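[1] Sharing a model prediction with you, sequence too.
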Amino acid sequence: QVQLVESGGGLVQAGGSLRLSCAASGRTLNSYAMGWFRQAPGKEREFVAVISWSVGTTYYADSMKGRFTISRDNAKLTVYLQMNSLKPEDTAVYYCAAMPLLSGWHLGRVADFRSWGQGTQVTVSS
């Protein structure tokens, strides 16, 4: 089991930037994919981005491409989500998650991810 702790959320004006961090512990991560998801009030949890820990291959939800960047720091066992050009509709609780690097890992299906952080709130004001 992988333990995950997110940080870096907060209040930002539209057009601004935030960088979220997700510190991982509990297992070696070379055989895992790490993902970011978000959930707005009254909406389902949705996929944002995913990265394979060992190689660093990344995939994004179409609406996030060009604005969000997922990355990882092997030495710090930390995954990041750099968010630029933020919009009010990006307001949500953002979650970090981990899953074994199995077939379909790049699809970002919520049910595939077994380990979740507690979430960090991101609020974008207009």
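    Here it is on my side, so go on. Numbering: from 1, shown residues only.
[2] Could you give the bridge partners of the residue nearest to the spatial centre of the chain?
    The centroid of the chain falls nearest to Trp36 when counting by Cα atoms, centre = their mean (1.8 Å). On the basis of DSSP bridges, Trp36 is bridged to Ala49, Cys96.
[3] That one against Tyr94, yeah?
    Yes. At 6.2 Å, Trp36 counts as touching Tyr94 under the criterion of Cβ atoms under 8 Å. Any C-beta I mention is one placed from the backbone N, CA and C, and that applies to glycine too.
[4] Identify the contacts common to the two.
    Leu20, Val48, Leu81 (Cβ atoms under 8 Å, 6 or more residues apart in numbering).
[5] The last one sits in which helix or strand?
    Applying DSSP states H and E as the criterion places Leu81 in strand 78-83.
[6] related to what we said a few turns ago, put together TSV for the shared contacts of Trp36 and Tyr94, with neighbour count, pLDDT and distance to Val110 on each row.
    TSV is the format used below for these (neighbours: other Cβ atoms under 10 Å; pLDDT from 0 to 100; distance: Cβ to Cβ, whole Å):
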residue	neighbour count	pLDDT	distance to Val110
Leu20	25	98	18
Val48	24	98	11
Leu81	26	98	16
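[7] Which parts of the chain are strands?
    3-7, 10-13, 18-25, 32-39, 46-52, 58-60, 68-73, 78-83, 92-100, 115-116, 120-125 (DSSP state E).
[8] So which of those strands is the most surrounded?
    Most buried of these, by mean neighbour count (mean count of other Cβ atoms under 10 Å): strand 32-39, with a mean of 24.
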